[in-house]
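Participant: Structure of the sequence below:
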Amino acid sequence: MSNAEQHASHPAVIKRLRRAAGHLQNVIAMMEADRPCTDVAQQLHAVERAITAAKQQMIHDHIDHCLDHALESKARSTRQVLDEFKSISKYL
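Facilitator: Alright, predicted model coming up:
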């Protein structure tokens, strides 16, 4: 399996993260402009949700493709794959 197949979701994740970065820059500008705290908090919440969604998509892609491929190809032991799953799932 090629790297592009393993990480098919990465372009979408990168797009989400770039959008979140742009929103974060807007939040900084809002704070510098002394905008109301409620408005700033609302935008920070949106940034946080966008980053969380990107993280979950990346982790699910890793579980669906990379770990599944490792099990099918017997490239690693089942124990190693399970340990990797446990390690990455703590970030969900």
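
Participant: Quick check: nearest residue in space to the spatially most central residue of the chain, chain neighbours excluded?
Facilitator: Central residue of the chain (CA atoms, centre = their mean): Lys55, 1.7 Å from the mean position. Spatially, and ignoring its direct neighbours in sequence, Lys55 is nearest to Tyr91 (6.6 Å; CB to CB, 6 or more residues apart in numbering). To be clear about C-beta, it is placed using only N, CA and C from the backbone, and glycine gets the same treatment.

Participant: do the same with His60
Facilitator: Per CB to CB, 6+ apart, closest to His60 is Ser9, 7.9 Å.

Participant: OK, contacts around the one you found?
Facilitator: 57-58, 60-61 (CB atoms under 8 Å, 6 or more residues apart in numbering).

Participant: In terms of pLDDT, where does it sit?
Facilitator: Ser9 carries a pLDDT value of 83.

Participant: Check Glu5 too.
Facilitator: pLDDT, Glu5: 52.

Participant: ok so, going back, Ser89 is in contact with the residue nearest to the centre of the chain, correct?
Facilitator: No - with contact defined as CB atoms under 8 Å, Lys55 does not reach Ser89; the gap is 11.9 Å.

Participant: circling back: out of the contacts of Ser9, which two sit at the greatest distance?
Facilitator: Taking CB to CB, the two most distant members of the contacts of Ser9 are Met58 and His60; they sit 7.4 Å apart.

Participant: What residues of the strand or helix carrying Asp83 count as buried?
Facilitator: Element membership for Asp83 (DSSP states H and E) is helix 78-89. Going by neighbour count (16 or more other CB atoms under 10 Å), the buried part of helix 78-89 is 81, 84, 88.

Participant: quick one: average confidence on that helix?
Facilitator: 82.

Participant: Restrict it to CA atoms and write it as CSV.
Facilitator: Presented in CSV, the C-alpha positions along helix 78-89 are these (Å, rounded to 0.1, in the frame of the first residue of the first chain):
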residue,chain,number,x,y,z
THR,A,78,-1.0,-8.2,16.6
ARG,A,79,0.3,-7.0,19.9
GLN,A,80,2.3,-4.2,18.2
VAL,A,81,-0.8,-3.1,16.3
LEU,A,82,-2.9,-3.2,19.4
ASP,A,83,-0.4,-1.2,21.4
GLU,A,84,-0.3,1.4,18.6
PHE,A,85,-4.1,1.5,18.6
LYS,A,86,-4.2,2.1,22.4
SER,A,87,-1.5,4.8,22.0
ILE,A,88,-3.3,6.8,19.3
SER,A,89,-6.9,6.3,20.7
